[in-house]
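**Q** Okay, structure incoming, though there's no sequence with it:
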């Protein structure tokens, strides 16, 4: 949760210097209010939340989300909620006007340095140009089912992604088919926006490009610990790199 709050502060303010970035009692707001839904985020931050407080925080988070122009997600880390409240989580979310969008898993590992990554069908290139950044955005849009213009709205023109994020494309010939980024955050690397074109899934591309981003990030920073938030599609991939699942995660949107 703290890694999310730290990294998303940087990402959201990179997208819009006037973005809604606040740390409220029990809630972190990281909301660019752009068309790229992942940059519109709220998350609950307290540990050991009981049923009554969970009900209150979910209602507050939903109210924040309703006040925005563009949709986004509440990221909820299940382990922050006590066992009793966890049993009623689905019903409490529904009462707040929230719908479960998809699950995820927080993962971390002391896994670096990694050997020089390679894949027989790919070449890797670091994102340095606006054209490469647009390709990175488009891969994420295709992978997550967003319109292309939504991904571009989140990343287009970003100096941060071209200079500070160790963001890599995996190319088949001249065609970008997969991508991953790693960014320094509070003494570790955070893996961000891994995606593979759905037409080229199940070939090991996502694992290979994630290894490349981590390898280069570690080489540049000297960091050895890494964190990420995996979707269901990515969850089987990351343990092969050395990540260990440590926290169930739920994404909620407004009903």
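**A** On my side now, so go ahead. Because the structure is predicted, anything quoted here is derived from the model rather than measured. Numbers count the residues shown, from 1 in each chain.
**Q** and the host helix or strand of residue 248, which residues are buried?
**A** Using DSSP states H and E, residue 248 sits in strand 244-254. Neighbour-count burial for strand 244-254 flags 249, 250, 251, 252, 253, 254 (criterion: 16 or more other C-beta atoms under 10 Å). Yep, even glycine has a C-beta here, placed from its N, CA and C like the rest.
**Q** Was I right to think residue 64 contacts residue 40?
**A** No: under the criterion of C-beta atoms under 8 Å, residue 64 is not in contact with residue 40, lying 10.2 Å apart.
**Q** what sits in contact with each of these two?
**A** Taking C-beta atoms under 8 Å, 6 or more residues apart in numbering as the contact rule, residue 64 and residue 40 both touch residue 31.
**Q** of the two, who's got more company?
**A** Comparing residue 64 with residue 40 by other C-beta atoms under 10 Å, the one with more neighbours is residue 40, at 27 against 17.
**Q** Kindly state the pLDDT recorded for the closest residue to the more buried one other than its chain neighbours?
**A** For residue 40, ignoring the flanking residues on the chain, the nearest one in space by C-beta to C-beta, 6 or more residues apart in numbering is residue 72 at 2.4 Å. Per-residue pLDDT puts residue 72 at 98.
**Q** now the one 5 residues further on
**A** You'll see residue 77 listed with a pLDDT of 98.
**Q** Over to the one 4 residues further on?
**A** Looking at residue 81, its pLDDT is 97.
**Q** What residues are bridge-paired with residue 172?
**A** Counting by DSSP bridges, residue 172 forms beta bridges with residue 175.
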